[in-house]
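Asks: make a model of this:
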Amino acid sequence: MKQLLKKMALKALRFSGLPLLFRELIQRNKLTILCLHDMPPEVAEPAFEFLNRKYNIIDLNDYLRARQNSAGNMPPKALVISFDDGHAGNHALLPLLEKTKIPVTIFLCAGIVGTNRHFWFNFKHPDIQKEKLKHVANRERLRLLSEAGFFPEKEFAVPQALNREQIENLRPYVNFQAHTQLHPCLPRCADDEAQTEIAGSKQMLEQQYNLKIN
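Replies: Have a look, this model is predicted:
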């Protein structure tokens, strides 16, 4: 019932004209950043087609250069498409990216890509409530996960993140950037933990994958 009400509300919003008003007036001279995760190609293709009609899709690096240039040179209704985490499923988007040449940015969890480690938020256990873990101190989150049998460094039979070969395949079409090492909730980290996760992910991706991390 809750899901049905949500769909009805979204449909009502869509046909209200508010998205058009927002896009054409409020956001016209601002940047919109679309944050995605593990979108399958059959969903991505019509979504990208729609976005390409309604927005001017730019690379995240183009936006950064525009920010540094006082005159600014962003097109109207500029949009950046980004994917968080570096899910293995992102590799299935390669034919679409080759065909459309639409620029995307994928933020990689440096300590998970190229391994068989899993994302902690995909771990399922009756005693684990993901939303609750987002609001406790990082060390407490790790303790609760370990008691339930999940360890960040554990290698599983099947990977959840992109491997080295997949990253290289995507590289001509993707702007790869850093998304911490093991995806903690940064506001719940102590300063030393946050420093390791943020600076360490940049260092790992630059050294191990020869990527240029902003």
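Asks: every contact and neighbour count from this point should use C-alpha atoms.
Replies: Fine.
Asks: and the end-to-end length of stretch 111-121?
Replies: The straight-line separation of the ends of stretch 111-121 (C-alpha to C-alpha, to the nearest Å) is 15 Å.
Asks: helix, strand, or coil at Ile198?
Replies: helix (DSSP: H, G, I helix; E, B strand; the rest coil).
Asks: list the residues that contact it.
Replies: Ala178, His179, Thr180, Gln181 (C-alpha atoms under 8 Å, 6 or more residues apart in numbering).
Asks: out of those, who's nearest Leu5?
Replies: Within the contacts of Ile198, distances to Leu5 taken as C-alpha to C-alpha reach their minimum at His179, with 33.7 Å.
Asks: wait, the closest one sits on Asp85?
Replies: Yes - between His179 and Asp85 there is a contact at 6.4 Å, judged by C-alpha atoms under 8 Å.
Asks: which stretches of this protein aren't confidently modelled?
Replies: 10, 13-15, 18-26, 70-72 (pLDDT under 70).
Asks: thinking again about what came up before, could you dump the contacts of Ile198 to JSON lines with distance to Asn116, neighbour count and secondary structure?
Replies: Shown next, in JSON lines, are those (distance: C-alpha to C-alpha, whole Å; neighbours: other C-alpha atoms under 10 Å; DSSP: H, G, I helix; E, B strand; the rest coil):
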{"residue": "Ala178", "distance to Asn116": "18", "neighbour count": "27", "secondary structure": "strand"}
{"residue": "His179", "distance to Asn116": "17", "neighbour count": "21", "secondary structure": "coil"}
{"residue": "Thr180", "distance to Asn116": "17", "neighbour count": "26", "secondary structure": "coil"}
{"residue": "Gln181", "distance to Asn116": "14", "neighbour count": "23", "secondary structure": "coil"}
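Asks: closest to Thr115 among those residues?
Replies: Among these, and counting by C-alpha to C-alpha, the member closest to Thr115 is Gln181, at 12.0 Å.
Asks: what about that closest one, distance to Asn29?
Replies: 34 Å.
Asks: now the longest strand that the chain contains - C-alpha only, PDB.
Replies: If you go by DSSP state E, the chain has its longest strand at strand 78-85. Extracted C-alpha coordinates of strand 78-85, given in PDB (Å, rounded to 0.1, in the frame of the first residue of the first chain):
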ATOM      1  CA  ALA A  78      23.700  21.800 -17.100                       C
ATOM      2  CA  LEU A  79      23.600  18.200 -15.700                       C
ATOM      3  CA  VAL A  80      26.200  15.900 -14.300                       C
ATOM      4  CA  ILE A  81      25.500  12.200 -14.100                       C
ATOM      5  CA  SER A  82      27.300  10.300 -11.400                       C
ATOM      6  CA  PHE A  83      27.300   6.800 -10.000                       C
ATOM      7  CA  ASP A  84      28.400   6.100  -6.400                       C
ATOM      8  CA  ASP A  85      30.400   3.100  -5.100                       C
END
